[in-house]
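1. structure for this input, please:
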Amino acid sequence: MNDQAPGQGKLFTLQRENRHLEKTLTTLRDELERSRIEKDTAVQHALAESRSELDQLRATVTAMRNSMDAMQFERDRITQEARSDASLEIKQLKSTIHELRDRLDHVSIAHSEMVQELKRSTKNETDHLQETIVRLRLLLEEHNAHNQE
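-> Prediction:
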């Protein structure tokens, strides 16, 4: 029995070591599983934050695009309005220029006619005055000739 007792002691020691190793293995497995779960949770959390940030960035980009589109639309509207206003003003100015040219032509024609009339009148008056001068000179010469006789 003595031979068996040391064998049983060894067996008991081995069983105890085996249980201890199994506990250690279980503990290590649990810690590894807990570590993996924590890592997966951290990865999922990081992914969720990244997705949230990405969604926010997409929303910001969309808002900026919409704002740029609105600004482009407003700029195009203002440009079109300015072109339309300028076109209308050009049309009005051309009409005014046409009216002023017509008036100027009428005034110019009236002025030319008045100048021609003044020239005719002046020539007629000059002719009449020259005839009067000639008649008066003749009368004066006749009068001087009678007085010398």
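2. low-confidence ranges, this structure, go.
-> Applying pLDDT under 70 to the chain flags residues 1-6.
3. the helices in it, which residues?
-> Remark: helices assigned in the chain by DSSP state H are 4-148.
4. name the residue closest to the centre of it, please.
-> Centre of the chain computed as the mean C-alpha position; nearest residue by C-alpha atoms, centre = their mean is Arg75, 4.0 Å away.
5. distance of that residue from Ala46?
-> Taking C-beta to C-beta, to the nearest Å as the measure, Arg75 falls 42 Å from Ala46. (C-beta placed from N, C-alpha, C; glycine too.)
6. about what we covered before: which residues touch the residue nearest to the centre of the chain?
-> Counting by C-beta atoms under 8 Å, 6 or more residues apart in numbering, Arg75 touches no other residue.
7. mind checking how far it is from Met68?
-> Distance of Arg75 to Met68, given as C-beta to C-beta: 10 Å.
8. please apply the same query to His98.
-> 44 Å.
9. Lys123 too?
-> Distance, Lys123 to Met68, by C-beta to C-beta: 79 Å.
10. Glu142 too?
-> Applying C-beta to C-beta, the value for Glu142 to Met68 is 107 Å.
11. ditto for Leu118
-> On the measure of C-beta to C-beta, Leu118 and Met68 end up 72 Å apart.
12. again with Glu17
-> According to C-beta to C-beta, Glu17 and Met68 sit 74 Å apart.
13. with Gln130 instead?
-> To Met68, Gln130 is 89 Å away according to C-beta to C-beta.
14. cool, and Thr79?
-> Per C-beta to C-beta, Thr79 is found 16 Å from Met68.
15. same question, Asp85
-> According to C-beta to C-beta, Asp85 and Met68 sit 25 Å apart.
16. got it, and Thr122?
-> Distance from Thr122 to Met68, by C-beta to C-beta: 77 Å.
17. repeat that for Leu54.
-> 21 Å.
18. likewise Leu104?
-> In terms of C-beta to C-beta, Leu104 sits 52 Å off from Met68.
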